[in-house]
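In: give the three-dimensional model of this entry:
(one chain, ligands or ions: 4)
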Amino acid sequence: MAGEKRRFAIGYALLPKKENSFIRESLVNLAKSRGVDLVKIDRERSLVDQGPFDCVLHKLYGEDWKIQLADFRSRNPNAVIVDSPDAIERLHNRISMLQVVSELKIENQSETFGIPKQIVIYDQETLFDNQAWELLKFPVIAKPLVADGSAKSHKMTLVFNRDGLNKLKPPIVLQEFVNHGGVIFKVYVAGEYVQCVKRKSLPDVSEEKLKSLEGSLRFSQVSNLPTHEKSDDTYYKMMNLEDTELPPQIFMTDIAKGLRKAMKLNLFNFDVIRDTRFGNRYLIIDINYFPGYAKMPGYETVLTDFFCDIMILKEREKGLLEECSQKKMAGTDGRQLLNCEEEVRKTVTNSGCSDGEEKENSIQV
Ligand SMILES: O=P(O)(O)O[C@@H]1[C@@H](OP(=O)(O)O)[C@H](OP(=O)(O)O)[C@H](O)[C@H](OP(=O)(O)O)[C@H]1OP(=O)(O)O
Ligand SMILES: Nc1ncnc2c1ncn2[C@@H]1O[C@H](COP(=O)(O)OP(=O)(O)O)[C@@H](O)[C@H]1O
Ligand SMILES: [Mg+2]
Ligand SMILES: [Mg+2]
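Out: Ligands and ions are numbered 1, 2, ... in the order given. Purely as a prediction, here's the structure:
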């Protein structure tokens, strides 16, 4: 119909659990009211046979999906894929995941940040090798090296002494357990948007307590456990989230922006703890692709704004591409037109974002 605004279609490819938590009616309706239709991608059918989509939103694992996305991309060069599978892959390994933190340069006088001391162990022999232990002291957390979203990849062991090492199954990352007052901060990022929330974590382990504790303790997804499950347990106890102060907002936002640029990702969160030995030292312990946004206050608005940013970007790209073809039709000097389309895509998709200049409505692709 004449004068009717163009609608924008976002195809989503998610596992059933994620679809249930993320694709809520409240999100679908808000997006719809702002011109964005969220359309389910049928995982039983080939992606290139579906659509048309202006954007593909996804959290699926495996080579087959990567090939499907590459096919889709070559046939639909104007569609945005959020996010690039290669960029996401960095988060599937707990070493490469945190390497990016050391690349960040953030100017801040009063707070510092980093990651806990950690080593990677590939086999049982190295686990008991004293050399490997020069860097670390107990307690440590053993984390599966792979972070591929499986239940297994979330199974952690808090190890109090050498006895506790026997049950570990490499490949694992051994990370120093840092006392942090039983509260972690989850910083959610969606494009330009950043929000930090508090969650329950493991309680501190004092030097005295360490001596009396048995070899190890297994746990999984502690920040997602309902409160009552923790208060009943002998190890977990009620932590008072209200009493914990959030880290300075500007500091978290700077780290979030730095990570986003360095990783070229739009949708992620990261877990931060505050080292109780120094009240102003923050450690990043985990980065997750496409986390549980529905748990974030105001998630519908935040995500819809993000979708609209992509839409604005696509419209701008379309306008500029039309200008290119008009110039072509008008027979403008060929040299001026050389790579016109390519230039437009570079500008609009903000591939230059990593050079420090952040543009409005930028989406990292
Ligand atoms: O489902 P939720 O809400 O628990 O979200 C999980 C995240 O919880 P969070 O938002 O950080 O509290 C969760 O974060 P944590 O690893 O628990 O810090 C993961 O991102 C998880 O994805 P995956 O299993 O690693 O692929 C996320 O699981 P999926 O929804 O992607 O399966
Ligand atoms: N180095 C650490 N020091 C103290 N607690 C930690 C450390 N690493 C992880 N934890 C605790 O263990 C939980 C799970 O670890 P995390 O690396 O976030 O794995 P997952 O990917 O399963 O969320 C964290 O939410 C936090 O409560
Ligand atoms: Mg985590
Ligand atoms: Mg994680």
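
In: quick check: residues of the stretch 1-150 of the chain near ligand 4?
Out: On the criterion CB under 5 Å from the ion, ligand 4 has no neighbours in the stretch 1-150 of the chain. In this view, the C-beta of every residue, glycine as well, is placed from N, C-alpha and C.

In: low pLDDT regions in the stretch 1-150 of the chain?
Out: Low-confidence segments of the stretch 1-150 of the chain, defined by pLDDT under 70: 1-3.

In: and it, which residues reach ligand 2?
Out: 116, 141, 143, 147 (CB under 6 Å from any ligand atom).

In: and the residues you listed, which is closest to Phe53?
Out: Nearest to Phe53 among these is Ala147, at 27.7 Å by CB to CB.

In: verify the contact between that closest one and His92 for me.
Out: Yes - using CB atoms under 8 Å, Ala147 is in contact with His92, at 5.6 Å.

In: between the two, who's got more neighbours?
Out: Remark: of Ala147 and His92, Ala147 carries more neighbours, 21 against 16, as counted by other CB atoms under 10 Å.

In: next one: that one from Lys155, what distance?
Out: 11 Å (CB to CB, to the nearest Å).

In: which residue does the stretch 51-200 of the chain bring closest to ligand 1?
Out: Relative to ligand 1, the nearest point of the stretch 51-200 of the chain is Gly149 (2.8 Å; CB to the nearest ligand atom).

In: ditto for the stretch 151-300 of the chain
Out: Relative to ligand 1, the nearest point of the stretch 151-300 of the chain is Gly292 (1.8 Å; CB to the nearest ligand atom).

In: spatially nearest residue to Asp286 (excluding sequence neighbours)?
Out: Once flanking residues are discounted, Asp286 sits nearest to Asp271: 4.1 Å by CB to CB, 6 or more residues apart in numbering.

In: enumerate the residues of the chain near ligand 1.
Out: 17-18, 21, 59, 149, 186, 221, 223-224, 269, 271, 286, 288, 290-292, 295.

In: these in strands, which ones?
Out: Applying DSSP state E to these, the entries found in strands are 59, 186, 269, 271, 286, 288.

In: what pLDDT does the closest residue to the last one other than its chain neighbours get?
Out: It refers to Asn288. Counting by CB to CB, 6+ apart, Asn269 is the residue found nearest to Asn288 once chain neighbours are left out, at 5.4 Å. Listed pLDDT for Asn269 reads 98.
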